[in-house]
Each structure stands twice: as C-alpha cells, then as structure tokens.
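Engineer: sequence unknown, structure follows:
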Ligand SMILES: [Zn+2]
C-alpha cells in the first residue's frame, strides 16, 4: 500500500520568520489581497505585515471583513475586493478563519462559481499563490488542503478540499501568537491536540504523518499549560506554533476522525468556536472509540510519558485518555451546559447533527466502526 503526502511548498518558522521570509513574498505576485480581521488591525499585527510588504515594494489591498468563522457571504465580499482591486495573489493574517477564507477566495478566483458549489467535490483548478501567516497556534490551516465555510442557507459547515488549496508559503512567526488571549490559546491548542491525536488514530494513518502527529502531541502536553497560564512565555508560544503546524501536516495527510466530525454540527447550530466544541467532545468521543485502537492510543500515552513500555496497550491508552481529560480541565473548557446551551434545545437537533456528522465522512475514519446510532449515543452522553 502506498501513501501520498503534501505540505506547503515553503515553510519559514521561528522568531523573525516574517522578516526572514518576506523576500519570498515578492516573487509570488504583483498585488496581494491581505485577508484578515479587525483584531489584527487593533493588535497592530496588520501593521507589521504592511510594513514588510512596503519594504519589499509589493502592492496590496486589505480585506478585514472576516468577523468570525467564515461564511459564504464573507467569501463573496472578499472575492469582490480581490477582483475590484485587481489582486493576483493572497495573504492571510489571523487564526483559522482568515486563512480558511483566503483559501476559499483563492478557490473561487481559480475555479469560478460560488463557494457553495464545491460541497462534496474536489477543488482542482490552480489557485493564485497563497501566503498563510497564522496568529494562533492551533488550526494548522497554514498546512492543510481544507477550508471550512458555513453555508448560511443550509446552516452547515462545509468541509471543502483540494490539494490546490495548500498555501504556497507558510510564515510561522510566534511573535504573532503572543497577542492571543488565554481562551483562544486554550481552544486553538486543544484543536491542535485533536488534529494530532485523531490523525494518529485514523484509519488513514501513514508513517510520515505519524512522525508529525506524535511530535505534536508531545509538544502540546508539555507547552499548552504553560502558554495558557503565561502568554508571554516565548518558548511555550514558539513550541505551540510548531506543534500546531505539525498537527496540521499530520491530519492533512491522515484525516481527522470522530471528534471533528461531531464538532462541526455543534459549531454550525450553536455557534460554539471550533476549538471549544472539539474540546467538549474529547472525553466522550475518545472514551467511546478507545477500545478500537488501544495500540495507537497507547503509543500516544507512552509518547507523553504517562505510560511505560511495560504497560499493556489498554492501560497506556487509558492513561492517555485521562491525561487528555486533565488537559481539557487545565484549560478550563466549559461543558455544553456551562456554555449555556439548554439540554432540550440540544436534544431536539441530535438527529440532524448526527446525520451531518456522518455525512461529512470524518467519523468513518475512526478505527472503531462508527454508525449513525453511535454518533447519536455520544451526543446524548454530553449532558
Ligand atoms: Zn480543527
């Protein structure tokens, strides 16, 4: 059996990545559309990118209309700016939302039509060059061929894909993540944990992505608690940026599984941020599927040092699960109830959420066989 593996064409990571990598941007086009949000303007991050573009003499326009997790409407507005400003390549500055938006705008620029046309299809025509500059350590979107866009008419989060959506250049400068508040640090860091742990325990796991997944899980357990408690700890921020990149590379090539599959419908219907809804699912989802892959979960337990070689796979797997539940607690993630979602309202839509989850295809990548009924059971167990 063979595997294929893709990554961004170029990655510049570490302190000063923007300074050191900016020359690479010059060759990518004549005029960039910088896709970002209001926070990046407020925190001064956009100014750093604008200064870098000015210093290399690259013309640009700014679209700061990403006001939350991206919707089809935001993508339309962004594409309009891209066209009216006569841009020929894209730069995203922000968390997963601006990066996903950049990919969707690029998809339309290269493939035509509306973004909602691409649900269930592979986006395959070349897109403009894309530069991803993440400002959170978590989504890994800088290293994936996926974009998640909400279809506001059908009220679903569409998972869209295509190798052409892979950014040309990922500029990972931990300086940008220093401005992320603790809640964002926790949510995005646990999102990265899900990416890595799901990729490692996916049916589509493969030797190359395993290396990235294991390394990411180890870094996250070591550095997320530090980055959460002390956002000014440069080493923890740098390590988390690397972990998020590794986790992104891992799930891009091995897929996510049940947590992500079940998380998207919660996000779409109850507007829970992606990382939070994932974290809310870690305990129940991984408990449910643990016995389908004791060896794989066990290897994660040994990697983070909560189990030894002498322990059985089952024992090591359970130790990993406990550690993951502990990390969710350390990061003070609320339950659905604490988040303010009434049980009755949640239960009313379990059937729809379960169908949407299974339809996304992600739960089927779990090693344990997962049917519609299993997904329903897990949703019910969240209260
Ligand atoms: Zn995710």
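Structural biologist: Ah, there it is. These figures come from a predicted structure and were not determined experimentally. Numbering: from 1, shown residues only.
Engineer: so which residues of the stretch 51-200 of the chain form helices?
Structural biologist: Per DSSP state H, counting those that start in this stretch, the stretch 51-200 of the chain carries helices over the ranges 72-84, 96-111, 182-200.
Engineer: which strands and helices sit next to the worst-scoring helix or strand of the chain on mean pLDDT?
Structural biologist: For the chain, the helix or strand with the lowest mean confidence is strand 156-161, at a mean of 90 (criterion: mean pLDDT, DSSP states H and E). With contacts defined as 3 or more C-beta pairs under 8 Å, 6 or more residues apart in numbering; DSSP states H and E, strand 156-161 has these neighbours: strand 146-151, helix 258-270. C-beta here means a position set from N, CA and C on the backbone, and glycine is covered the same way.
Engineer: neighbours around residue 335, how many?
Structural biologist: Neighbour count of residue 335, defined by other C-beta atoms under 10 Å: 11.
Engineer: so what's it up against?
Structural biologist: 280, 382 (C-beta atoms under 8 Å, 6 or more residues apart in numbering).
Engineer: quick check: pLDDT value at it.
Structural biologist: Per-residue confidence at residue 335 stands at 95 (pLDDT).
Engineer: for it, phi and psi?
Structural biologist: phi -80, psi 170 (degrees, to the nearest 10).
Engineer: and residue 30, how far from residue 88?
Structural biologist: 5 Å (C-beta to C-beta, to the nearest Å).
Engineer: show me where the stretch 201-350 of the chain has its helices.
Structural biologist: So, for the stretch 201-350 of the chain - with DSSP H, counting those that start in this stretch - the helices run 207-229, 234-254, 258-270, 274-289, 294-303, 313-330, 336-339, 343-348, 350-359.
Engineer: and the helix or strand following the last one, what other elements does it pack with?
Structural biologist: What that stands for is helix 350-359. Proceeding N to C from helix 350-359, the next assigned helix or strand is helix 372-380, under DSSP states H and E. Contacts defined by 3+ C-beta pairs under 8 Å, 6+ apart place helix 372-380 against helix 258-270, helix 274-289, helix 350-359.
Engineer: and helix 372-380, what's buried?
Structural biologist: The neighbour-count check on helix 372-380 (16 or more other C-beta atoms under 10 Å) flags 374-376, 378-379 as buried.
Engineer: for stretch 189-205, same thing?
Structural biologist: In stretch 189-205, counting by 16+ other C-beta under 10 Å, buried: 189-202, 205.
Engineer: now for the residue nearest in space to the middle of the chain: which residues touch it?
Structural biologist: The residue lying closest to the centre of the chain (C-alpha atoms, centre = their mean) is residue 139, at 2.5 Å. The neighbourhood of residue 139, defined by C-beta under 8 Å, 6+ apart, consists of 95-96, 99-100, 188, 191-192, 244, 248, 274-275.
Engineer: mind doing that once more with 7 Å?
Structural biologist: For residue 139, the contacting residues are 95-96, 99, 188, 191, by C-beta atoms under 7 Å, 6 or more residues apart in numbering.
Engineer: which one of the residues you listed is nearest residue 288?
Structural biologist: For the contacts of residue 139, the minimum distance to residue 288 (C-beta to C-beta) is 19.6 Å, reached by residue 191.
Engineer: how about the nearest residue to the closest one, chain neighbours excluded?
Structural biologist: Closest residue to residue 191 apart from its sequence neighbours, by C-beta to C-beta, 6 or more residues apart in numbering: residue 275 at 3.8 Å.
Engineer: before we move on, back to that, nearest to residue 122 among the helices and strands packed on strand 156-161 would be which one?
Structural biologist: Nearest of these (C-beta to C-beta): strand 146-151, 11.3 Å.
Engineer: gap between the closest one and the chain center?
Structural biologist: Chain-centre distance of strand 146-151: 11 Å, with C-alpha atoms, centre = their mean, to the nearest Å.
Engineer: which residues make contact with that strand from outside it?
Structural biologist: Applying C-beta under 7 Å, 6+ apart, the set of residues contacting strand 146-151 from outside is 69-72, 75, 100, 103-104, 115-116, 157-161, 165, 268.
Engineer: now with 6 Å, please.
Structural biologist: 70-72, 100, 103-104, 115-116, 157-161, 165 (C-beta atoms under 6 Å, 6 or more residues apart in numbering).
Engineer: and for residue 124, the neighbour number?
Structural biologist: Counted with other C-beta under 10 Å, the neighbours of residue 124 add up to 15.
Engineer: distance of it relative to residue 251?
Structural biologist: Residue 124 is 21 Å from residue 251, by C-beta to C-beta.
Engineer: go on, residue 95?
Structural biologist: Counting by C-beta to C-beta, the gap from residue 95 to residue 251 is 17 Å.
Engineer: try residue 123
Structural biologist: Residue 123 is 18 Å from residue 251, by C-beta to C-beta.
Engineer: of the two, which one has the most company?
Structural biologist: residue 251 (31 against 23).
Engineer: check what pLDDT that one gets.
Structural biologist: pLDDT, residue 251: 97.
Engineer: quick check: it touching residue 197?
Structural biologist: No: counting by C-beta atoms under 6 Å, residue 251 does not reach residue 197; the two are 9.5 Å apart.
Engineer: which residues are in contact with each of these two?
Structural biologist: With C-beta under 6 Å, 6+ apart applied, the contact sets of residue 251 and residue 197 do not overlap.
Engineer: many thanks, I have nothing further to ask.
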